[in-house]
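*Asks:* sequence-free structure coming up:
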């Protein structure tokens with residue numbers, strides 16, 4: 001990476017160039033974002049995970065830009081077109097669009113209209129047109145029937161084709177027009193009547209866009225993606241372009257140098273053609289691509305925010321559970337789980353049977369169960385009511401969002417865990433484990449199946465996967481993972497591991513017994529020094545001989561902590577007790593060449609609360625007891641609800657009736673709200689007012705505004 005690269009990145013990010021170089025070296029050496037964010041704060045200057053992810057992505061994009069530039073230069077070199085000046089020009093560009101613009105005149109093309117005109121000897125006439133020097137030219141000398149130039153009009157047409165291609169490859173003009181498209185373009189759509197009339201029900205989804213226009217710079221993600229989907233399915237025509245007169249005026253301003261040019265009419269016709277035939281399609285496609293990228297980024301950001309909130313939801317913790325997947329015709333699939341989520345027994349429960357309540361009570365007494373988890377699907381509320389009546393009030397009955405549980409139960413992970421169980425029992429187990437530890441269970445499911453996205457199937461799938469993987473990885477490492485009980489799926493997301501090493505850890509644990517220390521990780525086949533460095537601090541060992549193994553203190557700092565303990569006259573365990581009790585001590589004597597106050601402050605926090613869980617404390621939630629279906633709703637009702645999904649236009653709220661209500665962005669506050677996430681997040685608990693009920697379409701409108 002050159003100094004120019006570093007300085008450019010510094011201007012783009014606001015991060016000093018020397019710090020970018022150090023972070024880039026860490027990434028190049030195999031360091032992960034969670035590790036760098038947590039254990040290399042002196043290098044990063046305290047950059048958080050979000051900033052580091054953005055820097056990583058910019059470094060990746062810069063690498064791709066350089067690869068593309070190198071390919072261009074190689075091509076020019078092979079054709080003996082590369083000069084030192086041209087190479088310097090290309091290597092100084094940091095925009096892929098501008099790089100492509102500069103390469104356009106040298107790009108090897110298929111046979112264009114301009115190429116044909118050149119073969120017919122019309123390039124001198126085109127050069128005359130572009131030069132715009134006054135005077136008359138005998139066009140007849142370019143007439144050559146043998147070369148299919150039968151008359152002067154044909155000669156002018158060929159010259160205009162050559163000149164139009166030359167104008168369309170003008171890098172300065174393309175850059176100026178690109179700015180016009182970015183700032184003045186209108187995004188518009190019209191209905192394709194023939195397709196809409198042929199498939200009226202499918203077309204109705206897009207009726208809001210049958211005659212739609214909006215400045216492109218103000219188009220929110222959900223509208224852009226909806227129009228693009230309608231266009232892809234053939235129900236909408238779509239365009240994104242500035243006013244034609246404005247565009248042609250810009251072209252003329254940059255290209256016309258002689259307003260009294262003798263052949264001004266030919267020049268004007270050529271410029272009109274250059275814009276309409278060559279520049280407009282190219283820049284419109286590019287602008288649509290940019291709008292799609294922006295819309296994708298916004299939609300993915302919403303998805304990531306929702307997913308993080310869901311993954312970091314408060315865990316009930318290690319409690320013995322009765323887990324129930326409700327059902328009417330086939331009964332409630334019921335599983336008994338121990339505190340670690342292991343299956344103890346399972347059965348089918350039919351609440352309408354006379355002995356059902358006694359059976360539930362007997363099972364709870366037998367296993368000393370501490371809570372009940374009930375899926376929120378069909379018959380969920382009725383099952384909750386039955387269980388509350390059957391059990392003492394000391395055993396809470398808790399509704400659990402079961403989105404994606406059926407996906408898990410039919411998937412490879414569930415089949416591997418419970419090969420002999422029916423998938424409905426697997427679903428009940430998943431529901432119970434979600435209550436115990438949402439993060440550990442939800443990572444087994446493709447995030448796209450959890451139901452917290454917006455237009456997730458329309459966005460760039462590679463970008464979506466990368467963002468969701470980053471989100472899951474960030475959450476897993478922020479919480480930390482219990483080494484002796486974590487599944488291979490959970491371990492996969494630990495910094496520095498991945499699927500192969502995760503399976504290796506589980507197999508080693510099964511063969512040798514529980515790990516006694518972090519140091520024993522080095523016995524796992526294939527887990528070398530770099531992987532150990534990256535993962536060790538995020539793995540926890542409760543009740544290990546070394547109390548630091550249960551904390552977020554990295555093993556590379558154990559010697560430092562032992563020195564701290566010695567300086568304070570005791571063991572590490574005694575030092576931890578002192579710090580937990582509020583004892584303070586000066587950290588400055590421990591500052592060294594590779595450790596500064598940020599790391600030392602983190603160590604002190606870990607000594608006070610080893611392995612602290614950043615997730616909130618669990619509090620049970622209950623829906624309104626007298627509301628079980630949409631028919632029970634009345635305008636003006638104030639009801640408790642849980643946010644299940646947040647989009648750019650609002651939030652969906654579970655009221656416990658199997659049909660989520662829509663809390664539109666306009667009904668969230670009395671002031672203007674640009675983004676619903678300013679007010680709500682997934683799993684927020686709200687009290688909402690019912691303002692409209694459309695029973696025919698099963699739609700419920702809600703408000704937070706009195």
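*Replies:* Yes, it's here. Owing to the predicted nature of the structure, the values given are computational and were not obtained by experimental measurement. Residues are numbered from 1 along each chain as shown.

*Asks:* do I have it right that residue 418 meets residue 428?
*Replies:* No: the pair residue 418 / residue 428 is not scored as a contact, 10.7 Å apart, by Cβ atoms under 8 Å. For glycine as for every other residue, the C-beta is placed from the backbone atoms N, C-alpha and C.

*Asks:* chain center to the helix or strand bottoming out on mean pLDDT in the chain: distance?
*Replies:* Lowest on mean pLDDT, DSSP states H and E among the helices and strands of the chain sits helix 405-409, with a mean of 82. On the basis of Cα atoms, centre = their mean, to the nearest Å, helix 405-409 is displaced by 22 Å from the centre of the chain it belongs to.

*Asks:* quick check: what element follows that helix along the chain?
*Replies:* Following the chain from helix 405-409 toward its C-terminal end, the next helix or strand by DSSP states H and E is helix 412-417.

*Asks:* before we move on, the earlier item: if you count what's nearby, which of residue 418 and residue 428 comes out ahead?
*Replies:* More neighbours surround residue 428 than the other of residue 418 and residue 428, with 32 against 17 (other Cβ atoms under 10 Å).

*Asks:* I'd say that one and residue 334 touch.
*Replies:* Yes: the pair formed by residue 428 and residue 334 meets the contact definition of Cβ under 8 Å, at 6.1 Å.

*Asks:* shared neighbours of those two, anything?
*Replies:* When contacts are counted by Cβ atoms under 8 Å, 6 or more residues apart in numbering, residue 428 and residue 334 have 323-325, 346 as shared neighbours.

*Asks:* possible to save these as a markdown table with distance to residue 156 and pLDDT?
*Replies:* What follows is those, written out as a markdown table (distance: Cβ to Cβ, whole Å; pLDDT from 0 to 100):
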| residue | distance to residue 156 | pLDDT |
| --- | --- | --- |
| 323 | 81 | 96 |
| 324 | 82 | 95 |
| 325 | 77 | 93 |
| 346 | 85 | 95 |
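
*Asks:* nearest to residue 612, out of these: which one, please.
*Replies:* For these, the closest approach to residue 612 (Cβ to Cβ) belongs to residue 323, at 27.7 Å.

*Asks:* how far out from the middle of the chain is the helix or strand containing the closest one?
*Replies:* Mapping residue 323 onto the secondary structure by DSSP H and E places it in strand 321-325. Counting by Cα atoms, centre = their mean, strand 321-325 is centred 32 Å from the centre of its parent chain.

*Asks:* list the strands paired with that strand, with their directions.
*Replies:* strand 332-337 (antiparallel), strand 371-375 (parallel) (DSSP bridges).

*Asks:* looking at these, which is closest to residue 684?
*Replies:* Nearest of the strands paired with strand 321-325 to residue 684, taken as Cβ to Cβ: strand 371-375 at 20.3 Å.

*Asks:* list of residues touching that closest one?
*Replies:* Contact with strand 371-375 is made by 316, 319-326, 364, 380, 383-384, 387, 391, 395-400, 402, 405, 427-428, 431-432, 434-435, as judged by Cβ under 8 Å, 6+ apart.

*Asks:* of these, which belong to strands?
*Replies:* Per DSSP state E, strands hold the following members of the contacts of strand 371-375: 321-325, 397-400.

*Asks:* quick check: closest non-adjacent residue to residue 514.
*Replies:* For residue 514, the nearest residue in space outside its immediate sequence neighbours is residue 484; the separation is 4.3 Å by Cβ to Cβ, 6 or more residues apart in numbering.

*Asks:* number of nearby residues for that neighbour?
*Replies:* Using other Cβ under 10 Å, the number of residues around residue 484 comes to 16.

*Asks:* does it really touch residue 512, like I thought?
*Replies:* No: counting by Cβ under 8 Å, residue 484 stays clear of residue 512, with 11.3 Å between them.

*Asks:* what's downstream of the helix or strand harbouring residue 194, the next helix or strand?
*Replies:* Residue 194 is part of helix 193-198 when elements are defined by DSSP H and E. Beyond helix 193-198 in the direction of the C-terminus, DSSP H and E gives the next helix or strand as helix 200-203.

*Asks:* quick one: contacts of that next one?
*Replies:* Outside of helix 200-203, the residues within contact range by Cβ under 8 Å, 6+ apart are 191, 195-196, 233, 235.

*Asks:* dump the residue contacts of residue 594.
*Replies:* Contacts of residue 594 (Cβ under 8 Å, 6+ apart): residue 42.

*Asks:* same deal with residue 484?
*Replies:* Counting by Cβ under 8 Å, 6+ apart, residue 484 makes contact with 509, 514-515, 541-542.

*Asks:* show the pLDDT at it.
*Replies:* Residue 484 is assigned a predicted lDDT (pLDDT) of 94.

*Asks:* quickly note the distance from residue 100 to residue 69.
*Replies:* Here residue 100 is placed at a distance of 10 Å from residue 69 (Cβ to Cβ, to the nearest Å).

*Asks:* coming back round to it: what is the least confident helix or strand of the chain packed up against?
*Replies:* If contacts are counted by 3 or more Cβ pairs under 8 Å, 6 or more residues apart in numbering; DSSP states H and E, helix 405-409 sits against helix 423-436.

*Asks:* mean confidence for the helix it packs on?
*Replies:* Mean pLDDT, computed over helix 423-436, is 92.

*Asks:* for it, packing partners?
*Replies:* With contacts defined as 3+ Cβ pairs under 8 Å, 6+ apart, helix 423-436 has these neighbours: strand 321-325, strand 332-337, strand 343-349, strand 371-375, strand 397-400, helix 405-409, helix 412-417, helix 438-442.

*Asks:* tilt between the first one and helix 423-436?
*Replies:* If I follow you right, that is strand 321-325. What separates the directions of strand 321-325 and helix 423-436 is an angle of 130 degrees, with axes from the mean of the first three to the mean of the last three Cα atoms, to 10 degrees.
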